[in-house]
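Q: Build the 3D model from these lines:
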Amino acid sequence: MQDYKTVLAGKCPFGGDRIGGTIGTPPTLADWYPDRLRIELLARNAPSANPLGADFDYPAAFAKIDLAALKDEIKGFLTSSVDWWPSDYGNYGPQMIRMAWHSAGSYRIADGRGGAGEAMQRFAPIESWWDNGNIDKSRRLLWPIKAKYGASLSWADLIVLTGTCALEIMGFPTYGFAGGREDAWIADDATYWGPEVWDPEHIESFDSMTMRDKRWRGQNGDADYDLEQPLAASNQALIYVNPEGPYGKGDPEASARDIRVTFTRMAMNDEETVALIAGGHAFGKSHGMVPPDRIGAPPEMAPVEAMGLGWHNPEGSGNAENTMTNGIEGSWTQHPTRWDNDYLHNLFGNEWEQTRSPAGSLQWTPVDKNAPQTPDAHIPGKTHPLMMMTSDIALKVDPVYRAICERFLNDFDYFTEQFSKAWYKLTHRDMGPRERYIGPEATIAPDLLWQDPIPERDHALIDAGDVAALKQTIAGTGLSVSDLAYTALSAALPYRDSDKRGGANGARLALAPQKDWDINARTRPVIEALQGVKAAFDGGAGDKRVSLADLIVLGGVVAIERAAADAGHAVEVPFTAGRRDTTDELTDADSFEWLRPVVDGFRNYTDPHFAEVTAGRVAPEQLFLDKAALLRLSVPEWAALTGGLRVLGANWDGSEAGVFTDRRETLTNDFFVTVTSMDHVWAKADEAGQRFAVNDRASGNKRYDATRYDLIFGANNQLRAVSEVYAAVDGQERFVRDFVGAWDKLMTADLFGEARAHRIG
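A: From the prediction side, this is the model:
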């Protein structure tokens, strides 16, 4: 019988009176096996994490909000002040602009990750970045408004809307606001933000948290100076660049180089870059009154009694005139809550010398002691010298930036227009097509090139009868199952859910730059044949037309249904009509170049320079997993799609790598049977370990060729577990069903709103 005294003492009667760890306590799998392929990341957005439930319709809920009333409430709040965090100049506007800017500014064009969508600024690691100091206070100030609207107003939308309202109350004409951003519910443990690891024991040190040495090649000013992909920020834990210049050395020319790289990676050109910096610095001030070693830990490391707030400041009240954020102290203008051109007038109308803030950070002050002064943000009647950062002086010394500044300086209306466009782009860039925009202001701005516009449909839509006839016509072209499937796949695969770009809609596979990518060479004769089908149909269909985009996807339907039938399965692959074709003029070719694949495991493709550009740090299968994540595929969907594509012969070069079947172009589970069988021996076919031979274990004879993209479905235990399901005696039917589901998900991933309404079959 258990001794009651033992129970009362809180001890286990069987020994072990200490608890050393619990769920998630290191060492975890990542500690034990740092090179392990983290397949579980595909489940990080599981519906079970969402407290609103899978059936909650956020766009419908947001559309019911009276946006004008909401904006009035926000604007009323902006000109108030609370004791626990007083507003500078009696106006929270500049503070909220910074919040919205930093939320949106994490966007990067290389993989579309970051940005204001999902409000990831609420979670680690972004919430605790050095550059986001005290933004936690901005969100807490907004909580009463968020609480009032509840689930109908996401944090992601509220953050951007508040920044936009802040601009408007200070006299700036915005391009409007579109809602539709849905919140995430878990911290981001997946996105790669850079190779540097900061020292949590010295979190108070700017240098220990904002390292940069591992992400850059060469030295600033060298011809080969380059920031690794997919990064945009110049330093770890910064949104953009070090305001004191690279390494805090106060070199404006070096700062300009970093600015250009960073803002280009954010999808901004030089004019947009200058507009954002000059426009944003027309408002508010920077805070640097307390040395950083006196400031407490960021939110993610703060003590539990801080209730999620970080950066505790022990100086005075810890805020107002004692506030500390990035360490630089002062304002750029004489009127920090008014839209005007004083920033550029001050930058070019004064000579500037380097000084230090009270926190010790390097900044710039006018040489002329009689230069205009800026008012104190909290003490009436007190004034201070103007301030510029090294990143501001950079705009003056860089010849391209200087020329843009001078145009803005001489034409304030033009500057206003360009900042308005740039702010709109900054805060909406990751939302995807205009179909996702919600609210009465969503259509104020015209279609802009960065939105990847597609012309509206100006003809009657094809119906089920037309689809059936078109399928017969496509089948009669003589195009192979493999080529039809490959072409549809190639149209859809550029899609990425991170910023909703790419995909089959628009038929950009037939336009530059995608049509000229080597990986798409197989699609050119198919597209030519389908253009003939389109011409014939359009010529005899009255007021109906079929888009090339729909025909490309429909060709894939024909291929999958034929391949399934040959495997003994009569399936009807779903098809959604209504895609439209865009034009070269509406396609930003330079922007779409960022979607060019370096590796593509679905099509068994590896860029010849892959090993050189990654310096061996990233295995091809890691990028394959990354692409599956960008497509929002589950693990079974990833596996089923890959296995099906292999037996269909959908390799980019027509090779037999991974085509583990004697029934090519037939939708069988043969790929999975092979990768799970012990009848084979797998051997390297090249020194780099990228290609392999699959040999018969008994005879030693070669059976198949393979790549790393094929082997991982048997080598990785999580993928093998799924492969075993499809390889088993009862797996064929399940595989076909799952492949068709994954295929349909891929083909419709870039369709939103009404575009999904035309389901046929």
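
Q: Which residues lie in contact with the residue nearest in space to the middle of the chain in this structure?
A: Against the mean C-alpha coordinate of the chain, by CA atoms, centre = their mean, the closest residue is residue 113 at 1.4 Å. The contact partners of residue 113, taken as CB atoms under 8 Å, 6 or more residues apart in numbering, are 107, 191, 230, 498-499. Just so you know, the C-beta spots here come from the backbone N, C-alpha and C atoms, and that holds for glycine as well.

Q: Neighbour-wise, give me the winner out of these.
A: The residue in the contacts of residue 113 with the most neighbours, by other CB atoms under 10 Å, is residue 107 (25 neighbours).

Q: Got the confidence number for that residue?
A: What the model reports for residue 107 is a pLDDT of 98.

Q: And for residue 446?
A: 86.

Q: try residue 210
A: If you check residue 210, the pLDDT there is 89.

Q: which residue sits closest to it, ignoring its sequence neighbours?
A: Closest residue in space to residue 210, ignoring its immediate chain neighbours: residue 235 at 4.4 Å, by CB to CB, 6 or more residues apart in numbering.

Q: Just give the number of residues close to the one you found.
A: 28.

Q: do the same with residue 684
A: Neighbours around residue 684, by other CB under 10 Å: 11.

Q: ditto for residue 26
A: 8.

Q: Checking it next. Helix, strand or coil?
A: coil (DSSP: H, G, I helix; E, B strand; the rest coil).

Q: quick thing: my sequence starts at 55, can you match it?
A: Done: numbering now begins at 55, and the last item shifts to residue 80.

Q: any idea how far it is from residue 86?
A: Using CB to CB, to the nearest Å, residue 80 is found at 9 Å from residue 86.

Q: which residues touch the closest residue in space to residue 649 that isn't next to it in sequence?
A: Sequence neighbours aside, residue 548 is the residue nearest to residue 649 in space, at 4.5 Å (criterion: CB to CB, 6+ apart). Counting by CB under 8 Å, 6+ apart, residue 548 touches 555-557, 562, 568, 646, 649, 651.

Q: which one of those sits closest to residue 631?
A: Nearest to residue 631 among those is residue 557, at 15.3 Å by CB to CB.

Q: Show the residue spans covered by the helices in the stretch 255-404 of the chain.
A: 260-263, 306-319, 324-334, 396-403 (DSSP state H, counting those that start in this stretch).

Q: Just give me the neighbour total for the closest residue to residue 496 other than its chain neighbours.
A: Leaving aside its chain neighbours, residue 496 sits nearest to residue 232 (4.1 Å; criterion: CB to CB, 6+ apart). Residue 232 has 24 neighbours, counted by other CB under 10 Å.

Q: Go ahead and confirm residue 232 touches residue 487.
A: No. With contacts counted by CB atoms under 8 Å, residue 232 stays clear of residue 487, the gap being 11.2 Å.

Q: Send me whichever strand or helix holds residue 217 as PDB with only the CA atoms.
A: Residue 217 belongs to helix 209-223 when assigned by DSSP states H and E. What follows is helix 209-223, C-alpha atoms only, in PDB (Å, rounded to 0.1, in the frame of the first residue of the first chain):
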ATOM      1  CA  TRP A 209      -4.500  41.600 -35.800                       C
ATOM      2  CA  ALA A 210      -2.900  41.500 -39.300                       C
ATOM      3  CA  ASP A 211      -5.500  43.800 -40.700                       C
ATOM      4  CA  LEU A 212      -5.700  46.000 -37.600                       C
ATOM      5  CA  ILE A 213      -1.900  46.600 -37.600                       C
ATOM      6  CA  VAL A 214      -1.800  47.800 -41.200                       C
ATOM      7  CA  LEU A 215      -5.100  49.800 -40.900                       C
ATOM      8  CA  THR A 216      -3.800  51.600 -37.800                       C
ATOM      9  CA  GLY A 217      -0.600  52.600 -39.600                       C
ATOM     10  CA  THR A 218      -2.600  53.900 -42.600                       C
ATOM     11  CA  CYS A 219      -5.000  55.800 -40.300                       C
ATOM     12  CA  ALA A 220      -2.000  57.300 -38.600                       C
ATOM     13  CA  LEU A 221      -0.700  58.700 -41.900                       C
ATOM     14  CA  GLU A 222      -4.200  60.100 -42.700                       C
ATOM     15  CA  ILE A 223      -4.600  62.000 -39.400                       C
END
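
Q: for that helix, packing partners?
A: helix 121-132, helix 147-158, helix 189-203, helix 466-482 (3 or more CB pairs under 8 Å, 6 or more residues apart in numbering; DSSP states H and E).
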